[in-house]
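*Asks:* quick one, what's the 3D model for this:
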Amino acid sequence: MRKINTVLFSAIVLLICNLSFNTDNCSAQWQPEVRLTNDPNMSFTSFGNARCIVADGNILHVVWYDGVAVNVGNWEIYYKRSTDKGLTWSSNVNLSNNEFLSYNPAIAISGSYVHVAWYDNRDGNWEEYYKRSVDGGITWGPEIRLTNKPTGSGHPSIAASGLNVHLVWYDSRDGNYEVYYKRSVDGGTNWLPDVRLSNTTGKSLSPAVAVSGSNVHVAWYDSTAGNWEIYYKRSTDGGINWGSATRLTNNSAASTMPTIAVSGSTVHIVWVDLRNGIENIYYKRSVNGGSSWGADVKLTKKYWESYPSIAVNGTVLHLVYYSMPQTNFEIMYKTSVNGGVSWGNAVQLTNNSAASSVPSVAVSGSSVHVIFRDWRDGNCEIYYKQFKSSSAGPEGITNNNPELPNTYSMSQNYPNPFNPVTKISFNVPKQAYVSLKIFDPLGREVSTLVDDLKEPGSYSVDFNGAELTSGVYFYRLQSAEFTDIKRMTLIK
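*Replies:* A predicted model of the protein is given here:
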């Protein structure tokens, strides 16, 4: 009965989302666009599979590249951040700062470590460069040259887990383009030797990397079959050893530009596919860590659609891409609330007379963050848009606010032990960003109940542990000024 109720609940949630995405009430939850850059040069989000925005709680980190015109003058890598979930933003920080061309940055975070990679031609050919901040983007260390070959390297993608940092890129040192990988096990201080991941007669381009614990997942596209196809490879020991490459697509048309996200043992890949004679977005997933894969799923129906970017939080997937629904390119959004089993309708995020393209997406709790290129100002600028959910999760959150509390506090969950639902209550004395998260005994996050700006009040939220195994779990309430952790027991 519990499984049936869970499936029914997911179907109801998805139905509500699908209906809501066609109403003004839900679309109103997408906040107005914010212009992040304002200079006479052009500012570009990275194409390929480099992620240009990442989020950790209330803190957002953004990178882009900026210059006069392609291959003219010099281009620089820029960074900025927000510490209040996109309400205000810092000034721009020039990370590359040289007279040569610096392109296509990719960013990853792990705790207070912020990792940025790009490629740069200061050495007479294109090489991979890296820079990090160990204090959440406040200050930055020196740049590190990661490749040193007489041929070109391009389009990095970077991911991090703890002190392990994983980088992939494509490289022509072998006479044709191949996918290469390297890693750091000390937070980017030192880097191990390059590892060649692809070995084909065709070109292998635009790799994307995602990591979950010791499992590292890489996808790219390759021309060996006579047309472009999507390939995948994984390591289950943190990048030390790699399995064989798996061909994920098999059709007579081009499949390109994969983007990848992972949550636990479920791996999600989205790409651009021409099998219908026009560019559409396709998706497939593995629920066993990449050992086997489900069928291709066509996510879009018409228009020219390209450059997807995907982010995942538990079983909720967020996809952005650009499309030409009318006469110019616009940013589109789709979501799945059941791990990719089914998808909601597309939502058009932009609507102006100039082109909006090449989006990148990040998720933090109940908020979705998107940046993209936009030409509405006469030259290309970076814009930001945020979706703020009004609920704290599937069970909802209640503000029990007869009197305003004087201090932060969090009560013991009730009932405890519980099966499968329990209530957690907490007090917020002033307006603040608050997160309430559930962790397993190993410290792995299993659910986010609250991650939003809260007004002063007394709140309660229900946690449903139907999908978890019996055992001890921990819940943590955190704001800028307060942290409390308590223990609870699930008994089935």
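*Asks:* mind checking how far T256 is from H318?
*Replies:* 21 Å (Cβ to Cβ, to the nearest Å). C-beta here means a position set from N, CA and C on the backbone, and glycine is covered the same way.
*Asks:* quick check: S357 touching I371?
*Replies:* No: counting by Cβ atoms under 8 Å, S357 does not reach I371; the two are 11.5 Å apart.
*Asks:* the two: who's more crowded?
*Replies:* The residue with more neighbours, out of S357 and I371, is I371; 28 against 23, by other Cβ atoms under 10 Å.
*Asks:* quick one: contacts for that one?
*Replies:* Contacts here follow Cβ atoms under 8 Å, 6 or more residues apart in numbering; on that basis I371 touches L36, T45, C52, I53, V62, W64, P359, S360, I382, Y383, Y384, K385.
*Asks:* is the closest residue in space to W191 that isn't next to it in sequence bridged to anything, and to what?
*Replies:* Once flanking residues are discounted, W191 sits nearest to S184: 4.9 Å by Cβ to Cβ, 6 or more residues apart in numbering. Following DSSP bridges, S184 is listed with bridge partners V165.
*Asks:* S184: neighbouring residues, count only.
*Replies:* 22.
*Asks:* which pLDDT does the model give it?
*Replies:* Looking at S184, its pLDDT stands at 98.
*Asks:* now do G277
*Replies:* Listed pLDDT for G277 reads 87.
*Asks:* and the gap between it and E229?
*Replies:* Per Cβ to Cβ, G277 is found 17 Å from E229.
*Asks:* how about G213, what does it touch?
*Replies:* S161.
*Asks:* residue numbering should commence at 39 henceforth.
*Replies:* With 39 as the first residue, the last one maps to G251.
*Asks:* look up phi and psi at it.
*Replies:* Backbone torsions for G251, taken as degrees, to the nearest 10, come to phi 60, psi -120.
*Asks:* what separates it from G276, distance-wise?
*Replies:* 8 Å.
*Asks:* check which element follows the worst-scoring helix or strand of the chain on mean pLDDT along the chain.
*Replies:* The helix or strand of the chain with the poorest confidence is helix 62-65; it has a mean of 36 (mean pLDDT, DSSP states H and E). Remark: after helix 62-65, the chain's next helix or strand is strand 72-73, criterion DSSP states H and E.
*Asks:* does anything pack onto that following strand? Which helices or strands?
*Replies:* Packing contacts for strand 72-73, counted by 3 or more Cβ pairs under 8 Å, 6 or more residues apart in numbering; DSSP states H and E, involve strand 419-426.
*Asks:* buried residues, the strand it packs on. List them.
*Replies:* Residues E419, I420, Y421, Y422, K423, Q424, F425 are the ones in strand 419-426 that count as buried (16 or more other Cβ atoms under 10 Å).
*Asks:* let me know the average pLDDT across stretch 171-191.
*Replies:* Stretch 171-191 shows a mean pLDDT of 95.
*Asks:* which segments of the protein make up each domain?
*Replies:* According to automatic domain parsing, the chain comprises the domains 48-426, 430-528.
*Asks:* who are the neighbours in contact with D260?
*Replies:* By Cβ under 8 Å, 6+ apart, the contact set of D260 is S236, T238, G240, K241, S242, L243, W266, E267, Y269.
*Asks:* how about the second one: what's its closest non-neighbour residue?
*Replies:* In other words, T238. Counting by Cβ to Cβ, 6+ apart, the nearest residue to T238 once its immediate chain neighbours are dropped is T262, at 4.1 Å.
*Asks:* per-residue confidence at that neighbour?
*Replies:* pLDDT at T262 comes out at 90.
*Asks:* over to F59?
*Replies:* 37.
*Asks:* then E493?
*Replies:* 79.
*Asks:* hmm, P245 is touching G192, no?
*Replies:* No: counting by Cβ under 8 Å, P245 sits too far from G192 to count as a contact (10.3 Å).
*Asks:* joint contacts of those two?
*Replies:* W207, Y208.
*Asks:* which one of these two is surrounded by more residues?
*Replies:* More neighbours surround P245 than the other of P245 and G192, with 28 against 19 (other Cβ under 10 Å).
*Asks:* just the CA trace of the one helix or strand that one maps to, in PDB.
*Replies:* Assigned by DSSP H and E, P245 falls within strand 242-250. C-alpha atoms of strand 242-250 as PDB (Å, rounded to 0.1, in the frame of the first residue of the first chain):
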ATOM      1  CA  SER A 242      35.500  12.900 -29.700                       C
ATOM      2  CA  LEU A 243      34.300  16.300 -28.500                       C
ATOM      3  CA  SER A 244      32.700  18.300 -25.700                       C
ATOM      4  CA  PRO A 245      32.900  15.900 -22.800                       C
ATOM      5  CA  ALA A 246      30.700  16.500 -19.700                       C
ATOM      6  CA  VAL A 247      31.500  15.100 -16.200                       C
ATOM      7  CA  ALA A 248      29.500  14.500 -13.100                       C
ATOM      8  CA  VAL A 249      30.400  12.900  -9.800                       C
ATOM      9  CA  SER A 250      28.600  11.100  -6.900                       C
END
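*Asks:* which neighbouring elements make contact with that strand?
*Replies:* Strand 242-250 is packed against strand 191-199, strand 202-209, strand 216-222, strand 253-260, strand 293-301, with contacts defined by 3+ Cβ pairs under 8 Å, 6+ apart.
*Asks:* can I get those in CSV including distance to N136?
*Replies:* CSV is the format used below for the helices and strands packed on strand 242-250 (distance: least, Cβ to Cβ, whole Å):
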stretch, distance to N136
strand 191-199, 17
strand 202-209, 19
strand 216-222, 22
strand 253-260, 29
strand 293-301, 29
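*Asks:* what's the closest of those to R414?
*Replies:* With Cβ to Cβ as the criterion, R414 lies closest to strand 293-301 of those, at 24.4 Å.
*Asks:* the closest one: which residues count as buried?
*Replies:* For strand 293-301, burial by neighbour count (16+ other Cβ under 10 Å) applies to S293, T294, M295, P296, T297, I298, A299, V300, S301.
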